[in-house]
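Asker: Below: sequence and its predicted model.
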Amino acid sequence: MGYPHKSHPRETPVLSKHFGDPKARELETWKSFGGYRALQQALAMEPTAIQDVVKASGLRGRGGAGFPTGLKWSFMKLGDGKPHYLCCNADESEPGTFKDREIMRWTPHALIEGCAIGAHAIGAETCFIYIRGEFSEPIAVMERALAEARAAGIIGKNAMGSGKTVDVWVHKGAGAYICGEETALMNSIEGKRGNPRIKPPFPAVAGLFGMPTTINNVETLAAVPHILNNGAEWYKAMCTASPKSTGSKLFSVCGNVARPGNYEVVMGFPFKEFLYDLCGGPPPGRKFKAIIPGGSSVPVITIEEAEQVKMDYEGFLEYGTMLGSGGVIIFDDAQSMPRQLARLARFYAHESCAQCTQCREGTAWMTKILERIVAGQGTFEDLDTIFELAENMTGKTICVLSDSCAAPVTSGIQRFRHEFEALISGKRSSSVAVAGAL
Amino acid sequence: MSHGPSASGGALVAAAPHGHDHAPYTPVFTAGSARRAELDALITRYPTKMAALLPALWMVQEERGWIAPEAMSEVASVLDLTAAYVKGVVTFYTMYHQHPVGRHFIQVCTTSPCLCAGADKVVDSFLEHTGCKELGVTSPDGKFTVIEVECLGACGFATPVQINADYVENVTPEKVPAILAGLK
């Protein structure tokens, strides 16, 4: 299958194998695909044994940070007599990223199975799937699948006859990008404003409701049943470049590209072939110019740089950017980088929770300065001011939202300075004003 | 989160509504009601009552279309919170309406990937064809409110537009009249 396109022969559809097939949402069909075999097996295993398999597979967090999943699970102190929680982060709001939405829309049982296995592996009896409030369709699909799984005794008390309790619930967000930050997500479930918390304490010590908690991304958890079914070695073998990056990865591709959509490839896949063969290259008559490869929070790179990249955690780092969430935003040669980056800055200004001064003020000032430049009112000094601001916005706040605003902006100015200078010197005014700006 | 230079998202629903009569608030969680039973069942999932706050606010909005000050007081008393606390939470999240909005609440994503696809023109088209003219202002017939929204997480289907709960994908300015005609 594949959605919205048929799978490309060079893709490795593991998570996306059943995208586009509405029948895959149903429990009976899912079981006929081998669904819930891994959970049955996991419930008979010791939690540490599951952690060991996941550690050996090399699976790393797919939400953006890339932290080794098995290691994260092992931070949970088993048998401490406290309730443990698993939170599945389905607050997918990072511009350019739309993979978790498809996992939930098409393969809800894959996620439920991953959540149940993950919960057991960290000694938790409850998992909350925190889904952004806008995702009404994925929420409905997940709720239906959860009801099926509960009715079939797969989750709940005595899950699959194991004598263990594994409850999985959906918790619906209400519109806040910041709730995708793990501590803000926990506050939101607790019925609070979604302000990130100062760490330490880390969630594994004091997380949701003050109890030991692990937060994992949708794609990470959905990969776990495949690892248990096929073995850590099978997963680890899906690696073509850095040995620290294993498995298949969903990349969401959007912006100026012939075939936008989700593509699943093995870690280390050549980005050039990905862009031109799988995604069909630029729109007719255009050329690729710049790419933000890991969701809007990572640095921008030029197409010349991108064509050298191997698509894994280390491969993107080598070119000064990050794999992040795998949300690939492509800009062609008709796009004004100052205009696009001004719009991105405005996103962060809007989504700042406003706790930290550097973020609240920094994102707002950065937006104002960039929009001024786009409007043809900028000065060369403005560019220096942006770098000074960015310095103060990086590494100085409770969470990384302000860093995430600074990264694409400063990297964009470094790589496309001539476009900013042209606007400032009045040689070329941006043909269209930033949507709704000023 | 209504600080900063942005004029989009939830901040905009603070604009003055048109064409609405504010009916007196009717409580949602009266004893014996279906919503009360639903909320009571939901509370059992969490170790604190406070955790049911976001779901309770969603129920209010589904029933009444927006979250009136009286609703904040009602939810506060049901969940043993203060109205001020509830207001603090309501104002944090962009999806809770603090004022009545049009029967069809139209949110056009204009974040970067959608801007590449020309989302700004989609916004203009909605403003023109709904008669709203301005972002955040409800049309004179009370039917529509149009706002810009930050990333809807459907960037590969640019431009996505959320109309009440539902997404409409791959919207172009030309498709807007037909989309609106399909709304009752």
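Answerer: On my side now, so go ahead.

Asker: Quick check: chain neighbours aside, which residue is closest to the most centrally placed residue in chain B?
Answerer: In chain B, the centroid-proximal residue (CA atoms, centre = their mean) is B:M95; its distance is 4.3 Å. In this structure, B:M95 finds its nearest non-sequential neighbour in A:G175, 3.5 Å apart by CB to CB, 6 or more residues apart in numbering or on different chains. To be clear about C-beta, it is placed using only N, CA and C from the backbone, and glycine gets the same treatment.

Asker: Then A:I122?
Answerer: A:I122's closest residue in space is A:M76 (CB to CB, 6+ apart), at 4.2 Å.

Asker: Do I have it right that the one you found meets A:A119?
Answerer: No - contact criterion CB atoms under 8 Å: A:M76 and A:A119 do not qualify, at 10.5 Å.

Asker: right, and A:G61 touches A:L71 too?
Answerer: No - using CB under 8 Å, A:G61 makes no contact with A:L71, being 10.1 Å away.

Asker: out of the two, which sits in the busier spot?
Answerer: Counted by other CB atoms under 10 Å in any protein chain shown, A:G61 and A:L71 do not tie: A:G61 has more neighbours, with 18 against 13.

Asker: tell me the phi and psi of the more buried one?
Answerer: phi -50, psi 130 (degrees, to the nearest 10).

Asker: need the contact list for it.
Answerer: With CB atoms under 8 Å, 6 or more residues apart in numbering or on different chains as the criterion, the residues that contact A:G61 are A:67-69, A:72, A:216-217, A:220.

Asker: what's the farthest-apart pair in those?
Answerer: Within the contacts of A:G61, A:P68 and A:N217 form the most distant pair, 13.2 Å apart (CB to CB).

Asker: what's the longest helix along chain A packed up against?
Answerer: The single longest helix within chain A, with elements called by DSSP state H, is helix A:357-374. Packing contacts for helix A:357-374, counted by 3 or more CB pairs under 8 Å, 6 or more residues apart in numbering or on different chains; DSSP states H and E, involve helix A:337-351, helix A:380-393, helix A:401-415, helix A:417-424.

Asker: which of the residues in the third one are buried?
Answerer: So that's helix A:401-415. A:401-413, A:415 (16 or more other CB atoms under 10 Å in any protein chain shown).

Asker: All the strands of chain B, residue numbers only.
Answerer: Here chain B has its strands, by DSSP state E, at B:104-109, B:144-149, B:161-163, B:166-168.

Asker: So which other helices or strands are in contact with the last one?
Answerer: Using 3+ CB pairs under 8 Å, 6+ apart as the contact criterion, the secondary-structure elements in contact with strand B:166-168 are helix A:136-151, strand B:161-163.

Asker: With distance to A:L370 and mean neighbour count as extra columns, can I get these in CSV?
Answerer: Converted to CSV, these look like this (distance: least, CB to CB, whole Å; neighbours: other CB atoms under 10 Å in any protein chain shown):
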stretch, distance to A:L370, mean neighbour count
helix A:136-151, 33, 19
strand B:161-163, 26, 22
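
Asker: now these in TSV, with mean pLDDT and distance to A:E113?
Answerer: Converted to TSV, the helices and strands packed on strand B:166-168 look like this (pLDDT from 0 to 100; distance: least, CB to CB, whole Å):
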stretch	mean pLDDT	distance to A:E113
helix A:136-151	98	9
strand B:161-163	98	29
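
Asker: Ok, which of those comes nearest A:G255?
Answerer: That would be, of the helices and strands packed on strand B:166-168 and by CB to CB, strand B:161-163, which comes in at 17.9 Å.

Asker: Show residues contacting that closest one.
Answerer: Strand B:161-163 is touched from outside by A:134, B:104-109, B:122, B:126, B:149, B:152, B:167-168, B:171, B:179, B:183, with contacts defined as CB under 8 Å, 6+ apart.

Asker: Those residues, buried ones only, as a PyMOL selection?
Answerer: To isolate the buried subset of those in PyMOL, counting by 16+ other CB under 10 Å, use the following:
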select buried, (chain A and resi 134) or (chain B and resi 104+105+106+107+108+109+122+126+149+152+167+168+171+179)
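
Asker: What are the phi and psi values at the nearest residue to A:S245 once chain neighbours are set aside?
Answerer: Nearest residue to A:S245, sequence neighbours excluded (CB to CB, 6+ apart): A:D312, at 3.3 Å. When read as degrees, to the nearest 10, the backbone of A:D312 gives phi -150, psi -180.
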